[in-house]
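Asks: need a structure here:
(4 chains)
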Number of protein chains: 4
Amino acid sequence: MTDPAPILDVRSDICWSDETSVTVLGRDLCTDLIGSVDLGTFAYLLLTERMPSEAEAALFNAALVSLVEHGLTPNVLATRMTFLGAPESLQGAVAAGLLGLGTRFVGTIEGSARYLAESLATLGADPSDDDVRDEARRVVDGFRAQRAHVPGVGHPVHTPVDPRAEALLDLADRLGFPTTAGRLLRAVAAAASESSGRHLPVNVTGAIGACVVLLGVDWRIARGMGVIARTIGLVGHLREELAEPIATTIWNVADESASRHLRP
Amino acid sequence: MTDPAPILDVRSDICWSDETSVTVLGRDLCTDLIGSVDLGTFAYLLLTERMPSEAEAALFNAALVSLVEHGLTPNVLATRMTFLGAPESLQGAVAAGLLGLGTRFVGTIEGSARYLAESLATLGADPSDDDVRDEARRVVDGFRAQRAHVPGVGHPVHTPVDPRAEALLDLADRLGFPTTAGRLLRAVAAAASESSGRHLPVNVTGAIGACVVLLGVDWRIARGMGVIARTIGLVGHLREELAEPIATTIWNVADESASRHLRP
Amino acid sequence: MTDPAPILDVRSDICWSDETSVTVLGRDLCTDLIGSVDLGTFAYLLLTERMPSEAEAALFNAALVSLVEHGLTPNVLATRMTFLGAPESLQGAVAAGLLGLGTRFVGTIEGSARYLAESLATLGADPSDDDVRDEARRVVDGFRAQRAHVPGVGHPVHTPVDPRAEALLDLADRLGFPTTAGRLLRAVAAAASESSGRHLPVNVTGAIGACVVLLGVDWRIARGMGVIARTIGLVGHLREELAEPIATTIWNVADESASRHLRP
Amino acid sequence: MTDPAPILDVRSDICWSDETSVTVLGRDLCTDLIGSVDLGTFAYLLLTERMPSEAEAALFNAALVSLVEHGLTPNVLATRMTFLGAPESLQGAVAAGLLGLGTRFVGTIEGSARYLAESLATLGADPSDDDVRDEARRVVDGFRAQRAHVPGVGHPVHTPVDPRAEALLDLADRLGFPTTAGRLLRAVAAAASESSGRHLPVNVTGAIGACVVLLGVDWRIARGMGVIARTIGLVGHLREELAEPIATTIWNVADESASRHLRP
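Replies: Residues are numbered from 1 along each chain as shown, chains lettered A, B, ... in the order given. Prediction:
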């Protein structure tokens, strides 16, 4: 004999709706949020369960804006190639592009945010320059012991300085956030440069890592900020691909180039 | 003998960068955008190639905010299930959730935006109520002839009225946008209700379709607005899944329920 | 007061397991399937709920083999680009490549299988050549009325004949399958060629559509055969990308080419 | 002035095609492979660049067959949920399911294959039982030092023994493969059991890890074997979801259960 159907007992606190209303984290979506908050502010609410201050909203929006676009990146190419085969499925093309946001590019936000969060907890509220420098060295040594790159420093194009990182760190200062995260991050870049023998500037994912800590976002979902930002960039590239398609050319040239030596 | 390597000649106008700057659609990302524009405004720029007016930025942000969250939807479940198996790949979990934004749920933005854009072009600037009603009937008849649902009307939960749709249409009016898109959409809902014999309110994807037209977004990328919005909601659910996991319970109960009748 | 937790009552007939066994569609996986059936045969079981005859297993395997590989296609490029950013997530790179199997490339299996299944039901067991030709014209006219391409005919590279299609249709004949599906498909290619004024051969997805019908696979999951086949091809390309990487070069050249005109 | 378009010089050795032929790793697809090789054999060719022996083809097919299906797993649920929202995009639903094949479930093939490959290289051709046991302890200690699970041992359901693992290891023995990989794997399970204080049997991903080594597949793409196998299972579940849908029920019950406490 078949057993009775089991009970499903789970809980989520984010959202519920009835016939005429939708409630998100205790706020009425239609009367209190739509038309009242910008998208970045609402994203902050969902990522932290509280509304941001004005300074927090400004820094969070800026951190997202900084990652939206960086030209014809590998994830843009994946999105455009996918759209070529499945133009009826815009969501699939965007998803294809997001899948490359792993440990090598945007996912480094996570690594940066993690060590910054852990080291700042160690350093306490107002550490001396020496303590910051020592902690930075400890961080760099830790990554080197694992033969890993230090997340958040160095960039293949922005070699002297990553201007997005500078813009974000300056903004955080102007908005009155505590300076320790930025000091630590710059000390890590200095220690990594010294250790590797070449200049490694703070990069944009490092600066976003600092923002993550300043904004109280859990480092375990920090990569999600990059995912949100890049989603916007990818939709922008699909707009252009519709107007000015390039995917077919890239495909044909790549296939022709790659198989030349095999042809009789 | 192998042919020479071919030339790749393609063009994109969105973004370029050099060692110390990033330029997006002609604007310096670091000096003119980071810290100056909110995320929704920047998204508008990328989707339309121009900066929004204040009213446009408000309506565009509101349209995105309205779609971010709707509880434990199928795409949220896909995201949480995926995160269970690959917690190291947040981007994969979000991508899994986005893949369900097809013709049945969020993708209906596209259908709504398309017929609204086409019908408004037909109706011209200031149509009479009769003309709007006739055009609405023509739209509804067109979908019925294909045995298709009319996109943008009706909702399984919000049966009397979709409060998100009302909030968006009211906001558009308050911001001074032309009223024809909203009039047409309400006429379509009335015609669809009459034709089907049950009350079908304007739903949120219909209202966003109207916003798409009012904002000058190409209907072919309108689904992308839903993709952007839901990305934020999905990251929010991963935050909660980390703190208060439910995926394992849903999996175990579903598997137990489904296979009861097969067990000896 | 909170309502009691609800009951979940669902059913699946595919698989159940206990501590020491796994049962798939009524067969013991470990004693009756592992080591006894090849992968294609097992796939046939899962797609049709019955074991194939020897001829069915041969044709089904052949249909899958025919689609595994076709060089540096757009989905291969999407996979390689994704792997570049997230080498720790092989599944994400493969998924990115699969997402382009939509209406333009592999997904056309679905369209071919659908009209073949519907037309063969109309034609009955042993139709005359005239009836086959008339039905083929009806099919082609139907697609032209919708301004749609006829699925299953024509190929950008294999312009005189798609050799994979010929190999599959010949194999089906040699294995003793009924010939009507192949006759109809060739008649459709002839009618489409006549109608368009240029030679359109039966292509591989058309031939697979015929196999789908001959094998009793539901056309609604026929695209899944292409998805299975291409998954294998994509893993093969990741093997090569690890040994002989090309994604970074394609990315750099594409970005350089696309943004030349923007640089000062 | 704009720079000239750059040259793209890349190379792939897998496949090329001309008007009337397709060549895969030096073999004519249409004359030498379609109709001659089963899907598993062809997959082996693509993953290793050589045709398998009869024994290798048998073991490789068996390893894939063992992972195709395990009931209503999290990835099956992700696939079914995605199909609910985008039924027009079967490839998207399958891709959503694949994205959960990460470090917690199927991806453990990779970990198992890696340590087996490395330890077997250390042990050499015909090690003593003592050497095997010592090496196994070293492997287990290594994972414990990182506070990581030992991949390839233990299963939540198959607690006394994973019957799929036994079936695969027995088959490898019967087919005459060297026994060291199996001996080492069993020794690892024994050492992990001793170290953890509870019985941890060899599981299916451990046994597949052993097959990976025996078959000469690179461990870095071993996860791809799980991806290939599960793709087939996921298409099977979509066949059933079309005939006997359950996704809507799971969604509705999960949403109802999760939000009970929020409702007035």
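Asks: Specify the local secondary structure of the most centrally placed residue in chain A.
Replies: For chain A, the residue nearest the mean C-alpha position is A:Gly226 (2.3 Å; Cα atoms, centre = their mean). In three-state terms, and counting by DSSP: H, G, I helix; E, B strand; the rest coil, A:Gly226 is helix.
Asks: and it, what is it in contact with?
Replies: By Cβ atoms under 8 Å, 6 or more residues apart in numbering or on different chains, the contact set of A:Gly226 is A:Leu67, A:Leu101, A:Val106, A:Gly107, A:Ile109, A:Thr205, A:Ile208. The C-beta positions use only the backbone N, C-alpha and C, and glycine is treated the same way.
Asks: Tell me, how many residues neighbour the fourth one?
Replies: One way to gauge burial is a neighbour count; for A:Gly107, by other Cβ atoms under 10 Å in any protein chain shown, it gives 25.
Asks: try A:Asp9
Replies: 14.
Asks: what's the farthest-apart pair in the contacts of A:Gly226?
Replies: Greatest spatial distance among these (Cβ to Cβ): A:Leu101 and A:Ile208, at 12.6 Å.
Asks: the strands in chain A, which residues?
Replies: A:15-18, A:21-24, A:27-28 (DSSP state E).
Asks: Chain C: which of those is closest?
Replies: Evaluated with Cβ to the nearest Cβ, the strands of chain A place strand A:15-18 nearest to chain C, the distance being 12.0 Å.
Asks: and that closest one, C-alpha only, in CSV?
Replies: Below are the C-alpha coordinates for strand A:15-18, written out as CSV (Å, rounded to 0.1, in the frame of the first residue of the first chain):
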residue,chain,number,x,y,z
CYS,A,15,7.5,38.0,0.2
TRP,A,16,3.9,37.1,0.2
SER,A,17,1.0,38.2,-1.8
ASP,A,18,-2.8,38.0,-1.7
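Asks: Buried ones in it, by neighbour count?
Replies: A:Cys15, A:Trp16, A:Ser17 (16 or more other Cβ atoms under 10 Å in any protein chain shown).
Asks: Partner strands of that strand and their direction?
Replies: Paired neighbours of strand A:15-18 in the sheet (DSSP bridges): strand A:21-24 (antiparallel).
Asks: average model confidence for the partner strand?
Replies: Regarding strand A:21-24, the rounded mean pLDDT is 96.
Asks: what do you get for stretch A:150-166?
Replies: Per-residue pLDDT over stretch A:150-166 has a mean of 94.
Asks: Could you list the buried residues of that stretch?
Replies: For stretch A:150-166, burial by neighbour count (16+ other Cβ under 10 Å) applies to A:Val150, A:Pro151, A:Gly152, A:Val153, A:Gly154, A:His155, A:His158, A:Asp162, A:Pro163, A:Arg164, A:Ala165, A:Glu166.
Asks: Mind checking if it is in reach of chain B?
Replies: Yes - Stretch A:150-166 is in contact with chain B by Cβ under 8 Å from any Cβ of the partner chain, via A:Val157, A:His158, A:Thr159, A:Pro160, A:Val161, A:Pro163, A:Arg164, A:Glu166.
Asks: go on, stretch A:69-81?
Replies: Yes - looking at stretch A:69-81 against chain B by Cβ under 8 Å from any Cβ, the contacts come from A:Glu69, A:His70, A:Gly71, A:Leu72.
Asks: Apart from its neighbours in sequence, what residue is nearest the residue nearest to the centre of chain A?
Replies: A:Val106 (3.6 Å; Cβ to Cβ, 6 or more residues apart in numbering or on different chains).
Asks: what number of residues lie near that neighbour?
Replies: Neighbour count for A:Val106, taken as other Cβ under 10 Å: 27.
Asks: thinking it is in contact with A:Ile228, fair?
Replies: No - look at A:Val106 against A:Ile228 with Cβ atoms under 8 Å: they stay out of range, at 10.5 Å.
Asks: quick one: low-confidence parts of the stretch 101-250 of chain A?
Replies: Of all residues in the stretch 101-250 of chain A, none has pLDDT under 70.
Asks: Flag every residue of it that's near chain B.
Replies: Within the stretch 101-250 of chain A, the positions lying close to chain B (Cβ under 8 Å from any Cβ) are A:101-102, A:106-107, A:110, A:157-161, A:163-164, A:166-168, A:171, A:218, A:220-221, A:223-225, A:227-229, A:231-233, A:235-240, A:242, A:244, A:246, A:249-250.
Asks: Using ChimeraX, make a named selection holding only the buried ones among those.
Replies: Filtering these down to the buried ones (16+ other Cβ under 10 Å) takes a single ChimeraX command:
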select /A:101,102,106,107,110,158,163,164,166,167,168,171,218,220,221,223,224,225,227,228,229,231,232,233,235,236,237,238,239,240,246,250
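Asks: mind listing what A:Asn75 touches?
Replies: A:Gly97, A:Leu98, A:Leu99, A:Gly100, A:Leu101, A:Phe105, A:Arg230, A:Leu234, C:Met81, C:Thr82, C:Gly85.
Asks: For D:Ser89, find the nearest of the strands of chain A.
Replies: Checking those against D:Ser89 by Cβ to Cβ gives strand A:15-18 as the closest, at 25.6 Å.
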